[in-house]
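> Here's my sequence, what's the structure:
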Amino acid sequence: MNPKKWSFEKSLANEAAEYNLNLREGDLYGLMINKRLSIPLETLKLVGLQTCF
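Below you'll find the predicted structure:
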């Protein structure tokens, strides 16, 4: 993550998220959940795409 483009802070409002991410020059936000997963990477990609729509 490029700190010149992104700011991040410890999440206080969301119990599931460890960090909140904010794009410095725009309206893009995210959160980071750090958990070890034992599923194939391809399956994780599909789950992420399905939850977006």
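
> in this protein, which ranges drop under the pLDDT threshold?
52-53 (pLDDT under 70).

> ranges for the strands of it?
6-10, 19-23, 29-32 (DSSP state E).

> which stretch among those strands comes nearest residue 43?
strand 29-32 (19.5 Å; Cβ to Cβ). Every residue, glycine included, has its C-beta placed from N, CA and C.

> For the closest one, C-alpha coordinates in CSV please.
C-alpha atoms of strand 29-32 as CSV (Å, rounded to 0.1, in the frame of the first residue of the first chain):
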residue,chain,number,x,y,z
TYR,A,29,-12.8,3.5,1.2
GLY,A,30,-12.1,0.0,2.4
LEU,A,31,-11.4,-2.1,5.4
MET,A,32,-8.9,-4.8,6.2
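
> and for it, what are the contacting residues?
8, 11, 14, 16, 17, 18, 19, 20, 21, 22, 23 (Cβ atoms under 8 Å, 6 or more residues apart in numbering).

> where along this structure do the helices fall?
41-52 (DSSP state H).

> returning to that earlier point: what's the most distant pair in the contacts of strand 29-32?
Checking those with Cβ to Cβ, the most distant pair is 16 and 23, at 20.9 Å.

> more neighbours, the two?
Each of residue 16 and residue 23 has its neighbours counted (other Cβ atoms under 10 Å); residue 23 has more, 12 against 8.

> neighbours of residue 36, just the number please.
Residues near residue 36, counting by other Cβ under 10 Å, number 4.

> Check residue 31 too.
14.

> Format the contacts of strand 29-32 as JSON lines; extra columns: distance to residue 40.
Shown next, in JSON lines, are the contacts of strand 29-32 (distance: Cβ to Cβ, whole Å):
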{"residue": "8", "distance to residue 40": "28"}
{"residue": "11", "distance to residue 40": "27"}
{"residue": "14", "distance to residue 40": "27"}
{"residue": "16", "distance to residue 40": "22"}
{"residue": "17", "distance to residue 40": "24"}
{"residue": "18", "distance to residue 40": "23"}
{"residue": "19", "distance to residue 40": "25"}
{"residue": "20", "distance to residue 40": "28"}
{"residue": "21", "distance to residue 40": "25"}
{"residue": "22", "distance to residue 40": "31"}
{"residue": "23", "distance to residue 40": "29"}
